[in-house]
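S.K.: Sequence and predicted structure below; questions after.
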Amino acid sequence: MSEAVVDHVTGSATEDTCDFKVANTNLRNSLKFLNAKLADSKNLVGGEVTLADLYLACYLVRPFQLVLETGYRKGIANVVAWFSSLAQSDEFTAVYEGKGDKKPKEESKDCKKAGKGKDSTKGGNDNKPEKQPKGDKGNKGDKKPKGDKGDKGKGKGDKKPKEESKDCKKAGKGKDSKQAEETVGVPDNVEFQDPIYEKYKNVLKNAVYGKVVTRFPPEPSGFLHIGHIKASMLNYHYSKIYNGKMILRFDDTNPSKEKSEFVQNIIKDLKTVEIYPDKTTYTSDYFELIQEKMREFIQVGMAYADNTPADQMKEERDKGIESVNKTKTSKESLEIFEKMLEGQAPGWCIRANLDMSDKVKCLRDPVMYRCNDTPHHRTGTKFKAYPTYDFACPIVDSLEGITNCLRTIEYKDRDALYHKILEKLKLADIEIFEYAKLQLKSTLMSKRKLQWFVDEKLVEGWNDPRFPTVQGLMRRGLTIQTLKEFMLEQGPSLNTVLMEWDKLWSINKRIIDPQSKRYYCILKDSLAEVLIENGPTVPEGISIDYHPKDPTMGSKSRILTNHLYVEKEDVNEMKVGDKFTLSRWGNVIVKSVEEHDGRKKLTVELNLEDNNFSGTTKATFVPVDERFNVSVTIYEFGHLITKASLKEEDNVVNFVNPNSKIKSEGFAEKDMSQVKAGEFIQIERRGFFFVDKDLNTHGEIVLHFIPDGKTKNMSKITSKIDSNALTKGEGEVAKGANRAEQAKLAEAAADDKPLSKKQLKKLANKEKKKAKKDE
């Protein structure tokens with residue numbers, strides 16, 4: 001579609017149309033033709049801006065300017081919207097000016113009055129520089145057309161421009177614009193809407209307030225995990241601290257791993273964590289341009305074609321041995337590169353021509369382009385060779401006007417290559433900001449290993465609460481505010497350490513505590529019965545606040561009956577004559593203790609006149625009568641692996657925790673039937689929980705236990721998952737001295753399938769065969 005539109009429109013909008021009258025029939029028809037093509041899509045090719053849009057818009061700058069000036073908009077509303085949107089983009093400025101410089105500063109009103117705006121010769125609505133006549137190689141729109149002898153800012157009539165205002169000079173648009181000072185850092189008088197920003201307002205080096213552009217470039221080969229969250233949050237929030245922009249750019253240069261499914265989920269996950277990019281782009285938008293840059297790279301002697309087998313290349317790079325193809329001429333390498341692009345040079349790649357004796361092995365002639373016949377999820381089979389991240393990233397960063405490139409410290413050795421590529425291709429250099437990669441104990445970050453768990457059906461999917469993915473963490477009960485605070489606090493640090501989870505869970509508890517309604521719940525496998533001799537024969541209700549410290553959250557009716565369930569651990573040691581407290585009701589005296597089929601049953605006497613609650617066990621309770629309770633399912637989660645940190649050579653199969661998910665059933669007070677999925681609640685004396693499913697929507701209540709960062713349980717009511725292991729990320733987290741005992745625990749979970757040693761061995765052998773095949 002784009003080629004047809006361009007041919008049709010440019011056929012009428014020639015250079016001569018710079019003096020056309022809008023009534024010109026050919027141009028009007030062309031604009032209407034373009035308007036019709038834009039009726040079902042906001043751009044020429046699908047929903048994203050492409051070079052076709054940019055070049056056509058640039059071609060129509062002058063004609064369209066007159067369209068706007070004369071008010072001729074009838075029948076071309078779609079074109080007006082399309083052009084106006086493009087005219088405000090940095091890509092348009094870069095293409096129009098013929099270089100990748102940053103977008104010029106915004107002028108103040110006084111600047112425009114002084115005739116110093118981007119289009120000082122015309123007053124129309126188009127803020128872009130006036131297009132140069134054919135043959136004029138002017139840059140940034142500040143050169144005069146041929147025949148215009150104006151000087152020092154004079155207009156077409158050679159009138160002396162007005163004196164510039166102070167605001168003009170501040171905006172860098174006056175005579176002394178080269179010397180104008182920009183605000184480096186955040187001005188002291190800036191007030192942030194988010195108070196957390198104040199602490200990090202001068203983190204980025206040489207960052208100019210209002211001009212910062214960052215980017216988050218995920219590869220669409222999996223779901224976002226907590227490591228990606230750090231990268232995305234630092235890029236997004238730092239850009240906002242400096243009143244700048246963040247671009248979401250999908251680094252889709254490896255079609256073998258990428259899927260549209262991952263693109264959509266990444267977009268969804270970013271919205272979930274409240275990250276809203278100012279623009280979304282794809283590296284594949286620039287494939288043709290990157291090809292041109294590779295041709296330049298080869299021509300200046302910075303790259304050569306190589307067909308050394310992968311294993312041999314790895315060995316040679318390790319030993320510092322130069323490839324036999326390193327001496328190929330630029331002409332030979334260019335010929336092979338063209339064949340690669342056509343899919344006619346299997347086994348060939350393009351390598352950077354650096355120093356094979358470099359102490360930093362990753363700089364020993366790394367691969368810059370490689371062949372791949374796999375259809376691309378966006379471009380299909382159009383391309384047969386693709387750039388590597390090392391080559392594409394700096395080019396696209398510069399083209400998109402990135403001012404501050406945020407990278408983990410693991411890329412430090414590659415910084416020299418990043419800058420060299422920009423230098424040799426004569427692209428604008430970029431400030432690099434390094435930060436430590438996030439590593440958490442007993443947590444898998446490898447997409448390949450996470451995919452293995454999904455493929456083997458050892459987890460529900462990429463949104464499993466045991467996964468460190470955004471969707472998994474949300475179902476685990478981690479809040480967005482927690483992640484934001486934690487990531488910004490970790491951001492400036494360059495220390496790469498294996499962190500424990502306790503800090504995250506501790507922040508999380510502080511955030512969810514004030515919003516969590518309180519409930520009573522007794523687990524079925526750990527309950528005892530209490531019969532109150534003088535209790536109410538007819539159920540009674542008392543009003544209880546949902547939150548003891550916040551009455552504004554409302555209240556509920558707690559039902560009191562003479563037959564109750566209590567936690568077995570609360571009454572396990574009770575004997576006749578002992579006293580304990582029914583929480584928020586009153587003290588009782590034990591009259592008798594019996595045990596039937598492993599379940600304790602106590603008969604007690606209620607003494608409401610006894611107000612001495614000091615030193616007594618405070619027992620929560622739920623009515624036995626089914627009319628006044630509701631069944632709930634509770635899941636407690638441990639780590640997926642039993643080792644704090646897996647090494648590259650470790651086979652994940654040997655470290656699978658077979659009991660990382662423990663299921664329990666319980667009875668809760670009736671009012672819990674009103675909870676909604678996505679809410680946080682507290683089961684008193686047991687802990688905080690995330691509501692994964694609710695009764696009204698899903699027909700059942702499913703709760704996920706949320707760690708609180710402490711190594712001990714909230715009360716003597718114990719968890720089935722070791723709190724210390726969850727917090728510290730060490731050892732096997734299901735309670736039990738060995739795997740055999742853990743297997744017994746897992747068998748108690750009806751829908752959980754424990755892995756036997758035989759099953760684990762079988763999986764290990766399967767993984768070995770797969771790894772050998774991949775090699």
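M.R.: Done, it's in.

S.K.: what's Glu500 sitting at in phi/psi?
M.R.: Backbone geometry at Glu500, expressed as degrees, to the nearest 10, gives phi -90, psi 160.

S.K.: Confirm for me that it is in contact with Thr443.
M.R.: No: using CB atoms under 8 Å, Glu500 makes no contact with Thr443, being 10.3 Å away. Where you see a C-beta, it was placed from the backbone N, CA and C, and this is true even at glycine.

S.K.: quick one: the helices in the stretch 201-350 of the chain?
M.R.: Using DSSP state H, counting those that start in this stretch, the helices of the stretch 201-350 of the chain run over 226-241, 260-272, 287-299, 310-319, 330-341.

S.K.: Of Glu500 and Thr443, give the one with the bigger neighbour count.
M.R.: Higher neighbour count among Glu500 and Thr443: Thr443, with 23 against 18, using other CB atoms under 10 Å.

S.K.: my guess is that one contacts Phe467, does it?
M.R.: No: using CB under 8 Å, Thr443 is not in contact with Phe467, being 9.5 Å away.

S.K.: dump the residue contacts of Asp53.
M.R.: Contacts for Asp53 (CB atoms under 8 Å, 6 or more residues apart in numbering) come out as 2, 43-45, 82, 86.

S.K.: tell me which element it falls in.
M.R.: Take DSSP states H and E as the rule and Asp53 turns out to sit in helix 51-59.

S.K.: next one: that helix to chain centre, how far?
M.R.: Computed by CA atoms, centre = their mean, to the nearest Å, the chain-centroid distance of helix 51-59 equals 31 Å.

S.K.: same question, stretch 498-505
M.R.: Centre-to-centre, stretch 498-505 and its host chain are 20 Å apart (CA atoms, centre = their mean).

S.K.: cool, and stretch 300-313?
M.R.: Centroid separation between stretch 300-313 and its chain, computed with CA atoms, centre = their mean, is 34 Å.

S.K.: Do me a favour and get the end-to-end distance for it?
M.R.: Start-to-end span of stretch 300-313 (CA to CA, to the nearest Å) is 23 Å.

S.K.: Counting neighbours, which bits of it end up buried?
M.R.: Residues 302-306, 308, 313 are the ones in stretch 300-313 that count as buried (16 or more other CB atoms under 10 Å).

S.K.: So Met474 is in contact with Thr272, correct?
M.R.: Yes: the criterion here is CB under 8 Å, and Met474 meets it with Thr272 at 6.4 Å.

S.K.: how about low-confidence regions in this structure?
M.R.: For the chain, residues meeting the criterion pLDDT under 70 lie at 1-29, 39-40, 42, 46-47, 62-75, 77, 88, 97-181, 711-775.

S.K.: one more time with 90, if that's ok
M.R.: Counting by pLDDT under 90, the chain contains low-confidence residues at 1-206, 222, 410, 437, 439, 445-448, 488-500, 596-598, 645-651, 709-775.

S.K.: sorry, back to before: arrange the contacts of Asp53 in CSV, one row each, with neighbour count, secondary structure and distance to Ile511 as further columns.
M.R.: Formatted as CSV, these follow (neighbours: other CB atoms under 10 Å; DSSP: H, G, I helix; E, B strand; the rest coil; distance: CB to CB, whole Å):
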residue, neighbour count, secondary structure, distance to Ile511
Ser2, 17, helix, 49
Asn43, 17, coil, 41
Leu44, 25, coil, 46
Val45, 16, coil, 44
Trp82, 23, helix, 44
Leu86, 21, helix, 42
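
S.K.: nearest to Ile522, of those?
M.R.: Asn43 (59.3 Å; CB to CB).

S.K.: Quick check: the closest one touching Trp82?
M.R.: Yes: using CB under 8 Å, Asn43 is in contact with Trp82, at 7.0 Å.

S.K.: Who are the contact partners of Ile395?
M.R.: Ile395 is in contact with 286, 289-290, 293, 421-422, 425, 427, counting by CB under 8 Å, 6+ apart.

S.K.: Okay, now the sheet partners of the longest strand seen in the chain, with direction.
M.R.: The residue-count maximum for a strand in the chain (DSSP state E) belongs to strand 586-596. Strand 586-596 sits in its sheet next to strand 579-582 (antiparallel), strand 599-607 (antiparallel), going by DSSP bridges.

S.K.: of all those, which lies closest to Arg351?
M.R.: Closest to Arg351 of the strands paired with strand 586-596, according to CB to CB: strand 599-607, at 72.5 Å.

S.K.: Ignoring the adjacent residues along the chain, who's closest to Ile512?
M.R.: Nearest non-adjacent residue to Ile512, counting by CB to CB, 6 or more residues apart in numbering: Phe680, 4.4 Å away.

S.K.: burial count for the one you found?
M.R.: Look at Phe680: counted by other CB under 10 Å, it has 20 neighbours.

S.K.: Looks like it contacts Gly687 (just checking).
M.R.: No: assessed by CB under 8 Å, Phe680 is found out of contact with Gly687, at 11.1 Å.

S.K.: so what sits against both of those two?
M.R.: Jointly contacting Phe680 and Gly687 under the rule CB under 8 Å, 6+ apart are Ile706.

S.K.: OK, contacts around Phe262?
M.R.: By CB under 8 Å, 6+ apart, Phe262 lies in contact with 220-223.

S.K.: rerun that using 10 Å as the cut-off
M.R.: By CB atoms under 10 Å, 6 or more residues apart in numbering, the residues touching Phe262 are 218-224, 250, 252, 377, 447, 462.

S.K.: and the gap between Glu609 and Asp525?
M.R.: Per CB to CB, to the nearest Å, Glu609 is found 36 Å from Asp525.

S.K.: These two: who's more crowded?
M.R.: Using other CB under 10 Å, the more surrounded residue of Glu609 and Asp525 is Asp525, with 11 against 7.

S.K.: Leaving out chain neighbours, which residue sits closest to Met246?
M.R.: Closest residue to Met246 apart from its sequence neighbours, by CB to CB, 6+ apart: Ser239 at 4.3 Å.
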